[in-house]
Each structure stands twice: as structure tokens, then as C-alpha cells.
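Asker: sequence and predicted model, in that order:
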Amino acid sequence: ITKFHAEVTDDQNKSVPLDEVYNHHWLIFNSQGNRGVCGGYLSYIFGVGQECRNTPVVFPAGTGYVAKGSFPWFANIHLLRTQGLHVDTNMSQAVKDCIEC
């Protein structure tokens with residue numbers, strides 16, 4: 001694996017605005033991962049969140065992640081629908097309340 005790009009898109013491959021769907025995080029993992037998050041429960045290989053939007057990860061020439069074809073791969077994807085939120089004070093607060101884990 002020499003590069004990856006995380007983006008939430010619609011059925012026409014257009015980026016979905018954050019005020020519709022918020023990509024809290026996505027993690028890609030297999031049985032050969034690192035110590036992980038959540039107390040070691042998710043030993044991820046790659047992972048990003050909203051802050052990496054439109055920021056592909058590209059390893060320098062001659063480097064990358066070597067993956068054995070026999071290992072199964074899994075994803076932990078946390079997307080939040082941010083439309084139709086209940087607003088007590090203001091929309092910014094409603095979104096903040098929605099996206100906090």
C-alpha cells in the first residue's frame with residue numbers, strides 16, 4: 001500500500017458537506033496492527049478523521065505498507081448525520097453535541 005485517500009462522497013462521487021455527514025473517524029485494521037485504540041481493542045493500520053479531509057496520505061517513493069494477501073481486513077467507520085439536529089441554544093452547539101463521543 002503506497003497511498004490512501006479518505007473522503008465521504010455521494011453517488012456522483014462529489015464530496016458530501018460536513019453539515020450533512022461528519023466523518024468522525026475511520027480505521028482500517030487487520031490482525032497485524034499496532035497496539036491500537038480503545039484499550040488495544042482496535043489495532044489499526046491506517047486511520048483518519050475529518051481533519052484529514054482532502055488530504056491524501058502518500059508514502060515517500062520506495063516505501064509503503066507491505067500487506068500479506070491472506071490477512072482479512074476490517075474497517076471501523078464512524079459517520080454522523082448532522083442534519084435535523086435538535087437545537088437548544090444554537091446550531092454550532094447542536095453539532096458539537098452530536099459529534100462528541
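Answerer: Looks like it came in fine. Residues are numbered from 1 along each chain as shown.
Asker: quick check: phi and psi at Gln50.
Answerer: The phi/psi pair for Gln50 (degrees, to the nearest 10) reads phi -60, psi -30.
Asker: quick one: classify the nearest residue to it once chain neighbours are set aside as helix, strand or coil.
Answerer: Spatial nearest neighbour of Gln50, chain neighbours left out: Asn23 (4.9 Å); criterion: C-beta to C-beta, 6 or more residues apart in numbering. Yep, even glycine has a C-beta here, placed from its N, CA and C like the rest. Secondary structure, DSSP: H, G, I helix; E, B strand; the rest coil: Asn23 is strand.
Asker: and the pLDDT for Asn23?
Answerer: Looking at Asn23, its pLDDT is 81.
Asker: same question, Lys14
Answerer: The score at Lys14 is 92. That number is its pLDDT.
Asker: distance of the residue nearest to Gln50 relative to Ala94?
Answerer: Distance, Asn23 to Ala94, using C-beta to C-beta, to the nearest Å: 18 Å.
Asker: with Gln83 instead?
Answerer: In terms of C-beta to C-beta, Gln83 sits 11 Å off from Ala94.
Asker: neighbour count for the two, which is higher?
Answerer: The neighbour count for Gln83 versus Ala94, taken as other C-beta atoms under 10 Å, is higher for Ala94 (16 against 8).
Asker: buried set for stretch 60-67?
Answerer: Buried positions in stretch 60-67, judged by neighbour count with 16 or more other C-beta atoms under 10 Å: none.
Asker: now that stretch: mean pLDDT?
Answerer: Looking at stretch 60-67 alone, the average pLDDT works out to 88.
Asker: ok now that stretch, how far from the chain's centre?
Answerer: From the chain centre to the centre of stretch 60-67 is a distance of 21 Å (C-alpha atoms, centre = their mean, to the nearest Å).
Asker: got the contact list for it?
Answerer: Ile1, Thr2, Asn30, Ile45, Phe46, Phe59, Trp73 (C-beta atoms under 8 Å, 6 or more residues apart in numbering).
Asker: so the fifth one is in which element?
Answerer: What it means is Phe46. For Phe46, the element it lies in under DSSP states H and E is strand 44-48.
Asker: direction included, what does that strand pair against?
Answerer: strand 21-29 (antiparallel) (DSSP bridges).
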